[in-house]
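Undergrad: Predicted model and sequence follow; I will ask about them next.
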Amino acid sequence: MRETRKLAAILAADIVGFSRMAGADEDRTLARLRALRSDLIDPTIAVHHGRVFKRTGDGILSEFRSVVDAVRCAIEIQSAMIDRNAGVEEARRIEFRVGVHLGDVVEESDGDLMGDGVNIAARLEGVAKPGTICLSDDAYRQVKARLDLAVVDLGPTMLKNIAVPVHAYSLQVGGAVEAKPAEPARLALPDKPSIAVLPFQNMSGDPKQEYFVDGMVEDIITGLSRIRWLFVIARNSSFTYKGKAVDIRQVGRELGVRYVLEGGIRKAGRRLRITAQLIEAENGAHIWADRFDGAVEDIFDLQDEITEKVVAIIEPNLIRAEIERSARKRPESLDAQDLIWRALPHTRTWRPADSRIAIKFLESALALESNNAYAHAQIANCRYNCFIYGGLDPNDRDEAVRHARIVVTSAADNANALSMAALYVALLDKDYAAAKAAIDRALSHNPSSAQTHFLGAFILAVGGDCLEARTLATRALRLSPRDTIAFMAHHALGVCDLYDGKFDEACAHYGRAVQSGPARAYLYMDHAAVLSLAGRTEEAKKVARHGLDLEPNWRIRLHSEIGYAPEIADKLIAGSRLLGLTDLDTPSAPS
């Protein structure tokens, strides 16, 4: 079929509550509709130089040569309906909603029109109140100087299945123009990041999928609620927006949240596709978006997987957004949490100089909130970096252990704080039992925490508990396969194979850890040691040279210092010595 693009004024109209009226008295309702079409609607459209190109049961879609003609036609129809409904009981009144838009359309050879111009007009009709006309900004600009109209500015309006908000205006016919309701006062934002999860859209057109969509959203809300530093709006409040076209910024104001998560589900044959996106409510900026695919037969497994992945992936994106937001705040307005957000970028380079900067922010946060578990855990992290990469100062080691112990012996319920503190209790104090207990507590508070799974897998592996370490590592990679710390799961799996004497398998996992992880000397030196144990000497020498380029002062005893159980550390040291790295204090690059 041939098609032609053009600009057209589109009028969309349908009857409010038609299904209800037809259900009560189908014959009379259909007779009244036929009479309206022949006596009022079709003649009025023709008089104003329009044409009906599609009928949808109780609705119509019409094309006009100009927006002025389309709006005049809509006003005449709505005015006539006021007269026709006079004296008719409310339950039997026929009332129209009308939407008008000027936009680009595609005309096919049979005269049908399609495209965004049609879709937006239809969605505008959907948000119009009974008896009113809803105009897009494009349409209103064409008529405001030519017609004497009193309109209500609805502002940017989210329309169903339309990606970008459309500025809309409401035109009341035959009575006083209803005043625009006063904008409700914005609820005060909580003192921590806050989020609302809106009902996801069922985009498949299959009502039977509604239960799945709603159930998935409820599970996501439950999962996010386990993140202790996050304020999550309850299901009963967020579900008041179900089936409505919403403005994300309005949702943020009405619910008092900084972030909104929304999405949809589409079914195609035996496959399901689910999309989700995280939006900053204040400015409508998209922070993160992803999609998930699966088979209908696995619908419940898919639901669990999506819930876990969304919860796992959304957390680091929220943290990044909070770091950026905090960086924009004035220094005199910083509270303890803002100081922690400001510290975080400096904690992630692993450089001692950056760690010292972060420690100052974190100590300031503790001065305001002495029992903040996450601040203590991050100081332990920074002190560890200073110890390993800054000269093995015993004071750094002792301070790292002290702050980590404060967290694991407290009543903290922050999974990220517990898992981070557990890491340094294991690596620096070699108290694997206390570290494992902290990981178990962290998972009880947030079973979907990807960080806890990654760190827990490594802690258990270096402690020799390889069975559970493999389970956590595999689950971690499923929860967040593109995570910035995913290398720790590969490292953990490599340690487990090394422990079992499976050197070739260990080499593969260490290789993945090096490829996906940050450029850290210990990853290269561990990998080199395992390659040498597998008899792959030339490869091992190349990898070791990379490691020593990164950290010329590397010491073989660091295999023990970073917390490996003796049976694992001994194997790594043996592998290193096979490469000629026998001098513990002044290593030389393998030749």
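TA: Noted; the coordinates are in hand. Residues are numbered from 1 along each chain as shown.
Undergrad: C-alpha from now on. contacts and neighbour counts both.
TA: Will do.
Undergrad: quick one, strands of this structure?
TA: 3-15, 50-56, 59-64, 96-108, 113-114, 132-136, 151-157, 166-172, 194-197, 201-202, 231-232, 259-268, 271-280, 285-295 (DSSP state E).
Undergrad: a markdown table for those, including mean neighbour count and mean pLDDT?
TA: What follows is the strands of the chain, written out as a markdown table (neighbours: other C-alpha atoms under 10 Å; pLDDT from 0 to 100):
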| stretch | mean neighbour count | mean pLDDT |
| --- | --- | --- |
| strand 3-15 | 21 | 88 |
| strand 50-56 | 16 | 89 |
| strand 59-64 | 22 | 92 |
| strand 96-108 | 25 | 91 |
| strand 113-114 | 20 | 90 |
| strand 132-136 | 28 | 93 |
| strand 151-157 | 18 | 82 |
| strand 166-172 | 22 | 87 |
| strand 194-197 | 24 | 86 |
| strand 201-202 | 22 | 84 |
| strand 231-232 | 22 | 80 |
| strand 259-268 | 20 | 81 |
| strand 271-280 | 19 | 81 |
| strand 285-295 | 15 | 76 |
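Undergrad: got a markdown table for those, with distance to residue 500 too?
TA: Converted to a markdown table, these look like this (distance: least, C-alpha to C-alpha, whole Å):
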| stretch | distance to residue 500 |
| --- | --- |
| strand 3-15 | 67 |
| strand 50-56 | 68 |
| strand 59-64 | 71 |
| strand 96-108 | 66 |
| strand 113-114 | 64 |
| strand 132-136 | 68 |
| strand 151-157 | 61 |
| strand 166-172 | 61 |
| strand 194-197 | 45 |
| strand 201-202 | 49 |
| strand 231-232 | 44 |
| strand 259-268 | 44 |
| strand 271-280 | 40 |
| strand 285-295 | 35 |
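Undergrad: out of these, which comes closest to residue 527?
TA: With distances scored as C-alpha to C-alpha, the stretch of those nearest to residue 527 is strand 285-295 (33.3 Å).
Undergrad: Can you give the distance of that closest one from its chain's centre?
TA: 7 Å (C-alpha atoms, centre = their mean, to the nearest Å).
Undergrad: helices or strands up against it?
TA: Helices and strands touching strand 285-295, by 3 or more C-alpha pairs under 8 Å, 6 or more residues apart in numbering; DSSP states H and E, are strand 271-280, helix 299-328.
Undergrad: looking at the ones you listed, which one has the lowest mean pLDDT?
TA: For these, the weakest mean pLDDT is recorded on helix 299-328, namely a mean of 67.
Undergrad: Now tell me which helix or strand of this structure has the poorest mean pLDDT.
TA: helix 299-328 (a mean of 67; mean pLDDT, DSSP states H and E).
Undergrad: what's around residue 459, how many residues?
TA: 30 (other C-alpha atoms under 10 Å).
Undergrad: hang on, I meant residue 74
TA: 27.
Undergrad: can I assume it is in contact with residue 98?
TA: Yes: with contact defined as C-alpha atoms under 8 Å, residue 74 and residue 98 form a contacting pair (7.1 Å).
Undergrad: Identify the contacts common to those two.
TA: Shared contacts of residue 74 and residue 98, defined by C-alpha atoms under 8 Å, 6 or more residues apart in numbering, are found at 11, 133.
Undergrad: What segments of the stretch 101-250 of the chain are helices?
TA: Listed in chain order, the helices of the stretch 101-250 of the chain (DSSP state H, counting those that start in this stretch) span 116-127, 137-143, 210-225, 235-238, 248-255.
Undergrad: quick one: the fourth one to chain centroid distance?
TA: The chain centroid and the centroid of helix 235-238 are separated by 18 Å, computed with C-alpha atoms, centre = their mean.
Undergrad: cool, and stretch 71-84?
TA: Centre to centre, stretch against its chain (C-alpha atoms, centre = their mean), the figure for stretch 71-84 is 45 Å.
Undergrad: hey, C-alpha coordinates of it in PDB?
TA: Provided in PDB are the C-alpha atoms of stretch 71-84 (Å, rounded to 0.1, in the frame of the first residue of the first chain):
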ATOM      1  CA  VAL A  71     -11.800  23.300  17.100                       C
ATOM      2  CA  ARG A  72     -14.900  25.000  15.800                       C
ATOM      3  CA  CYS A  73     -16.400  21.600  15.000                       C
ATOM      4  CA  ALA A  74     -15.600  20.300  18.400                       C
ATOM      5  CA  ILE A  75     -17.200  23.300  20.100                       C
ATOM      6  CA  GLU A  76     -20.300  23.000  18.000                       C
ATOM      7  CA  ILE A  77     -20.700  19.300  18.900                       C
ATOM      8  CA  GLN A  78     -20.100  19.800  22.600                       C
ATOM      9  CA  SER A  79     -22.500  22.800  22.700                       C
ATOM     10  CA  ALA A  80     -25.200  20.800  20.900                       C
ATOM     11  CA  MET A  81     -24.800  18.000  23.400                       C
ATOM     12  CA  ILE A  82     -25.400  20.400  26.300                       C
ATOM     13  CA  ASP A  83     -28.900  21.100  24.800                       C
ATOM     14  CA  ARG A  84     -29.600  17.500  24.000                       C
END
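Undergrad: List the buried residues in that stretch.
TA: Within stretch 71-84, the residues scored as buried using 16 or more other C-alpha atoms under 10 Å are 71, 72, 73, 74, 75, 76, 77, 78, 79, 81, 82.
Undergrad: and if you look at stretch 535-555?
TA: 537, 540, 541, 543, 544, 545, 546, 547, 548, 553, 554, 555.
Undergrad: Please list all residues in contact with the second one.
TA: Residue 540 makes contact with 527, 528, 529, 530, 531, 532, 579 under the criterion C-alpha under 8 Å, 6+ apart.
Undergrad: returning to that earlier point: I'd like the helices of the stretch 101-250 of the chain as TSV, with mean pLDDT and distance to residue 295 appended.
TA: Conversion of the helices of the stretch 101-250 of the chain to TSV gives the following (pLDDT from 0 to 100; distance: least, C-alpha to C-alpha, whole Å):
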stretch	mean pLDDT	distance to residue 295
helix 116-127	90	30
helix 137-143	89	41
helix 210-225	76	13
helix 235-238	76	27
helix 248-255	84	31
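Undergrad: Go through the ones you listed and pick out the most buried.
TA: Stretch with highest mean neighbour count among the helices of the stretch 101-250 of the chain: helix 116-127 (a mean of 23; mean count of other C-alpha atoms under 10 Å).
Undergrad: Show me what that helix is packed against.
TA: Packed next to helix 116-127, using 3+ C-alpha pairs under 8 Å, 6+ apart, are strand 3-15, strand 96-108, strand 132-136.
Undergrad: quick one: which of these is nearest residue 573?
TA: Comparing the helices and strands packed on helix 116-127 by C-alpha to C-alpha, strand 96-108 comes nearest, at 70.0 Å.
Undergrad: who does that closest one pair up with?
TA: With DSSP bridges as the test, strand 96-108 is paired with strand 3-15 (antiparallel), strand 113-114 (antiparallel), strand 132-136 (parallel).
Undergrad: Quick one: closest of these to residue 316.
TA: strand 132-136 (37.7 Å).
Undergrad: What would the closest one look like as CSV? C-alpha coordinates only.
TA: Taking only C-alpha atoms (Å, rounded to 0.1, in the frame of the first residue of the first chain), the coordinates of strand 132-136 have been written out as CSV:
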residue,chain,number,x,y,z
THR,A,132,-14.5,19.3,27.4
ILE,A,133,-12.0,19.6,24.6
CYS,A,134,-8.3,19.0,25.2
LEU,A,135,-5.9,20.8,22.9
SER,A,136,-2.2,20.1,22.4
